[in-house]
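mind folding the following:
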Amino acid sequence: MIGVTVVTYRLFLEMTKACIKNFLPESYQDKTVVIEPVMKNNGVVLQGLSVRNGETNKVEPVLYLEPFYKEYQDGRSLEDVWRKIAEQYDAAQKEVQNVSISIAYEKIKNGLFVSVCNAEQNAQRLQGILHDIREDLALIYQSRIHLYDGQTGSMVINSRHLSHWGITKEQLQTDAWNNMKKVMPPVLLTMEEIQGQLEGKYSLEELSQKKSRSIEDAETDAFLYVLTNTEVTCGAVYMFDEELMARIAERLDSNLLVLPSSTHEILILRETEDVDVFDLRLMVEKINKDVVRPEDKLSDEVYRYDRAAHKLNVIKEQDYLQDWQIKME
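Model prediction:
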């Protein structure tokens, strides 16, 4: 066992880069170990390990090392940690070895989905991938890929993929939205139903019924609603589904105020005279600061869906101030 009592994270990265090949199969020995920062959503940076052979058209798995360092801090030996890293990396490599720029479109088409992130906070990340700007947010197109032990990852689509596949951006957008609605359909629940779910008040059958009901069957007497998808992952993007938002506005018989709870869900309430939009903005800021994980933060803005115009827009600062001044008079 390596006689190191306390290893800092920086030293752990350096030692892992130098030693990991000792735990990998022979086929990895002529490859290059790379540990580099990987920018995730909202500027969150993780240290990712990959083992490369120089092929630019091949997708290599990336393992983030923060959880492994935590295992070392919890008492696991460095050798055991490195052995686990090697096992997981080799398993992931076998799963994704056919996922590359040369993969056929039909093989990834059924895994396509759309996610949303903050455009300004992810400006650098967005430079290299296919995206669309909507207000202060950006829509990103991805495809799920199978990893090891039943786990899944995602491949972000860029312009090189479109060129190789010979498809247009419009076709990709259509296919991504259609597939997402099929495998991760939208779910509209009241806040009371969400709370009841957390408290175990519903049976599995009752939960299934509530999640599978149509928008036209949603409760209409609630103050606050939650819009997500069946997996509660990347569900906030449904705020940009124009047909869906129109149906929700019709069901609630009102313009809608939209609060970005996280990248995974949004909150919806009716626009009424007694709703203070200025206070809602402050509430969103506070929740983002105190509750939402940095990588899951979407925006501090409040949005308004105009049911007549069928448009979703950020409520501008001057509108907040005007609303506040009217209430003060």
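
give me the element residue 38 is part of.
strand 32-39 (DSSP states H and E).

for the helix or strand following that strand, which strands pair with it and how are they oriented?
Once the chain leaves strand 32-39, the next helix or strand it forms, by DSSP H and E, is strand 45-52. Paired neighbours of strand 45-52 in the sheet (DSSP bridges): strand 32-39 (antiparallel), strand 63-64 (antiparallel).

end-to-end on stretch 175-194?
This stretch, stretch 175-194, spans 30 Å end to end (CA to CA, to the nearest Å).

wait, I meant stretch 37-52
Where stretch 37-52 begins and where it ends lie 16 Å apart, using CA to CA.

any low-confidence regions in the stretch 151-300 of the chain?
151-153, 202, 204, 207 (pLDDT under 70).

now do the helices in it.
Along the stretch 151-300 of the chain, the stretches classed as helices by DSSP state H, counting those that start in this stretch are 159-165, 169-183, 191-198, 204-212, 242-252, 277-290.

out of these, nearest to residue 94?
When the helices of the stretch 151-300 of the chain are compared by CB to CB, helix 159-165 sits nearest residue 94, at 22.6 Å. (Each C-beta comes from the backbone N, C-alpha and C, glycine too.)

return the distance of that closest one from the chain's centre.
23 Å (CA atoms, centre = their mean, to the nearest Å).

can I get the CA coordinates of it in PDB?
Provided in PDB are the C-alpha atoms of helix 159-165 (Å, rounded to 0.1, in the frame of the first residue of the first chain):
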ATOM      1  CA  SER A 159     -22.700  20.800 -36.700                       C
ATOM      2  CA  ARG A 160     -20.100  18.000 -37.700                       C
ATOM      3  CA  HIS A 161     -22.700  15.400 -36.800                       C
ATOM      4  CA  LEU A 162     -25.300  17.000 -39.100                       C
ATOM      5  CA  SER A 163     -22.800  17.200 -41.900                       C
ATOM      6  CA  HIS A 164     -21.800  13.600 -41.600                       C
ATOM      7  CA  TRP A 165     -25.400  12.400 -41.300                       C
END
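
related to what we said a few turns ago, out of the helices of the stretch 151-300 of the chain, which is closest to residue 142?
helix 169-183 (8.0 Å).

for residue 10, find the nearest of the helices of the stretch 151-300 of the chain.
Comparing the helices of the stretch 151-300 of the chain by CB to CB, helix 277-290 comes nearest, at 28.8 Å.

which residues sit against the next helix or strand after that closest one?
As assigned by DSSP H and E, the chain's next helix or strand after helix 277-290 is strand 303-306. For strand 303-306, the external contacting residues (CB atoms under 8 Å, 6 or more residues apart in numbering) are 135, 239, 245, 249, 255-260, 271, 311-315.

so which of these is the closest to residue 47?
For these, the nearest to residue 47 is residue 260 (28.5 Å; CB to CB).

ok, that closest one - contacts?
Residue 260 neighbours (CB under 8 Å, 6+ apart): 236, 239, 266, 284, 298-299, 301, 303.

next, count neighbours for the closest residue to residue 281 other than its chain neighbours.
Sequence neighbours aside, residue 302 is the residue nearest to residue 281 in space, at 5.2 Å (criterion: CB to CB, 6 or more residues apart in numbering). The local packing of residue 302 (other CB atoms under 10 Å) involves 23 other residues.

so which of the contacts of strand 303-306 is the closest to residue 33?
residue 260 (39.0 Å).

can you report phi and psi for the nearest residue to that closest one once chain neighbours are set aside?
Nearest non-adjacent residue to residue 260, counting by CB to CB, 6+ apart: residue 298, 3.9 Å away. For residue 298, the backbone dihedrals (degrees, to the nearest 10) come out as phi -110, psi -60.
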